[in-house]
Each structure stands twice: as C-alpha cells, then as structure tokens.
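Visitor: predicted coordinates and the sequence they were generated for:
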Amino acid sequence: MAGSPTARRRRLSIELKKLREKSALTCAQVGEALDWSGSKVNRMETGSGRVQPSDIDALCRFYGTSDELRDFLKSLARQAKTRGWWQVHGAGVPEWFNIYIGLEQDASTIRQYQCELIPGLMQIGAYARELHTTGAHMSAQDIDRAVRVRLERQAMLTGPDAPDTWFIVNEAAVRNVIGDRSLMRDQLERVLDAAELPSVTVQVLAFDSGTYPATGSFTMLGFPAREDPELVYRDGITDAVYLEGEHHVREYARAFDGLRAAALSPQRSAQLIKSVLKEYAG
C-alpha cells in the first residue's frame, strides 16, 4: 500500500474511531471491556500512541469485524511504524513538522496561502538557509539538514504523481528582500519556473487587491482516498495546529476561494513577479 507512515497512522486512527462510533460506545466503555484505560483507546484514535498488532486483534474481535478489515488495519499499523526519509535528519526537522511532511508526501492536492514568505516548496537553498539562520537557534549542521529536507520535499512537484498544487502569495512575500537583491532575483526566477510546472498554479495577492479574507498563512491538504478527509495546517515558531473538522475545512476552503478571487490571475501574477525582478536587477 502506498503512502507515508504518517498518513497511514492517520488513516488507522480514522478507521478505529469509525468502528467505535458505529458501535455507539465511548473510549471509556471500550477500554473497560478490554481491560484497558479509556485514554489508551483515545490515543489510538488520535494517532498519539503506537498501535500494536495485538491491539488490532483485540479491537477487531470486540467490534466483530471481518478478517479482511482486521488484516487491513494490521497492515496500516505495520506501515505506520516505518520511518520516513525526512526523519533521518534528526534535529534539523522538529517533531511537529515531521508530522506535516509525512502528510504532505501523501497529499493529492495542496492549497497554500503565504502572507510573508515564499512557500517552502518553491524556495531555493540560499533563501531557506537565510530563514533558518535568522529565525532559529540551530547548529550549522542542523541548518544544513533543514535546508536539505526542504529541497528534497520539492521533488514531489515534478514526480509522476505530483499533487495538484495552488499557491497564493502575498505581494509582501515577493517584495520582502531576504538576504540581498541578488538572492531574491534567483528566488523569484525559481518561483516563475515552478509556475510553469503542469501541476502548479501561482497567484500573487497584490497590495491593491482590496478587501480579502484576513487569515494568516495556512495550508490545506487533500488526499486521494475518500476515507482520508482534507485537513488544514497552520504553524508557528514552536508548534503547529492541524484542523480536521468539517467546519474548519469548509471555512478555510471558503477563505482560500476568496483569496483566489482577489489575487491576480496566474498570467498577471507572473508579470508582477517579472517587474519586481527588473527592480532587483537595477
């Protein structure tokens, strides 16, 4: 079965929660029936705890599932234990971002709005390094690892199963000089190159776009399996928030549509970026 370990862990959690809710039981009731704590059941359903094959066997016997579903859930549990390629870089990638990368690797659609910076999937190494050097207390080795992971993530945009990716970037991110003007020329040229990829759309939210949803930066990830619901991701300096409820996803999708309508068309966006490039060349 394809998919990252993080995505498989999430799918397993979703399936276990569906089984319990179908039985109209609480986590505490399931835990009591199996001589577990209710918190153990909750951890399994939120992906915050490891699920052993013996746990799957016990739950499937209790819920009365088919052998096929039991085997499927055990397969998910096994795959959830493997390590993703990005996890070998240690402290260069914080744990809360490890989770995001795992989900991103499995996404079929990516919708992202960035109000301050060029999206990570379009950053050049020098730009990413400048951000990590300035914004975090990291060793030189960990900065190298973080930059390497960021660049390796970008391979997904040119792969055979590239996700349908739509970036909306505030004009502030285009004009904000990270490093120096020479670096920004290279960075904006990279954005123009990315915009030419068949799976990528880039729009700029110009300063004169008028009123638009004030949301701050966010990312929406969609997945190929209908059983894996779309989610919203927002990060900060030390942590991240994952929003999966239908209300959250619906409201952020509405906000993204509002941003998309307010932003310049992809063609006019490219023209604006090219005009800024000329300014940096002067």
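Guide: Now that the structure is in, tell me what you want to look at. Note that the coordinates shown come from a computational prediction; the quantities given were computed from them, not determined experimentally. Numbering: from 1, shown residues only.
Visitor: which other helices and strands does the one helix or strand R250 maps to contact?
Guide: Element membership for R250, per DSSP states H and E: helix 246-262. With contacts defined as 3 or more Cβ pairs under 8 Å, 6 or more residues apart in numbering; DSSP states H and E, the packing partners of helix 246-262 are strand 109-114, strand 164-170, strand 200-205, strand 218-222, strand 231-235. Heads up, the C-betas are built off the backbone N, CA and C, glycines and all.
Visitor: could you give the angle of it to strand 218-222?
Guide: 110 degrees (axes from the mean of the first three to the mean of the last three Cα atoms, to 10 degrees).
Visitor: any chance you could list what contacts the helix or strand following helix 246-262?
Guide: Downstream of helix 246-262, the first helix or strand assigned by DSSP H and E is helix 266-281. Helix 266-281 is contacted from outside by 171, 174-175, 181-182, 184-185, 188-189, 191-192, 195, 201-204, 206, 263-264, using Cβ atoms under 8 Å, 6 or more residues apart in numbering.
Visitor: got the angle for the helix holding R250 vs strand 200-205?
Guide: 70 degrees.
Visitor: mind listing what's buried along helix 246-262?
Guide: By 16 or more other Cβ atoms under 10 Å, the buried positions in helix 246-262 come out as 248-249, 252, 255-256, 259-260, 262.
Visitor: which one of those residues is nearest R10?
Guide: V249 (14.4 Å; Cβ to Cβ).
Visitor: got the contact list for that closest one?
Guide: 220, 229-232, 243.
Visitor: got these as JSON lines, with pLDDT, distance to I143 and neighbour count columns?
Guide: Output for those, formatted as JSON lines (pLDDT from 0 to 100; distance: Cβ to Cβ, whole Å; neighbours: other Cβ atoms under 10 Å):
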{"residue": "M220", "pLDDT": "96", "distance to I143": "29", "neighbour count": "22"}
{"residue": "P229", "pLDDT": "84", "distance to I143": "35", "neighbour count": "15"}
{"residue": "E230", "pLDDT": "90", "distance to I143": "32", "neighbour count": "19"}
{"residue": "L231", "pLDDT": "89", "distance to I143": "29", "neighbour count": "21"}
{"residue": "V232", "pLDDT": "92", "distance to I143": "28", "neighbour count": "22"}
{"residue": "L243", "pLDDT": "86", "distance to I143": "30", "neighbour count": "16"}
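Visitor: name the nearest residue to A58, sequence neighbours excluded.
Guide: Nearest residue to A58 in three dimensions, chain neighbours excluded: L34, at 5.5 Å (Cβ to Cβ, 6 or more residues apart in numbering).
Visitor: so that neighbour makes contact with Y63?
Guide: No: with contact defined as Cβ atoms under 8 Å, L34 does not reach Y63; the gap is 10.6 Å.
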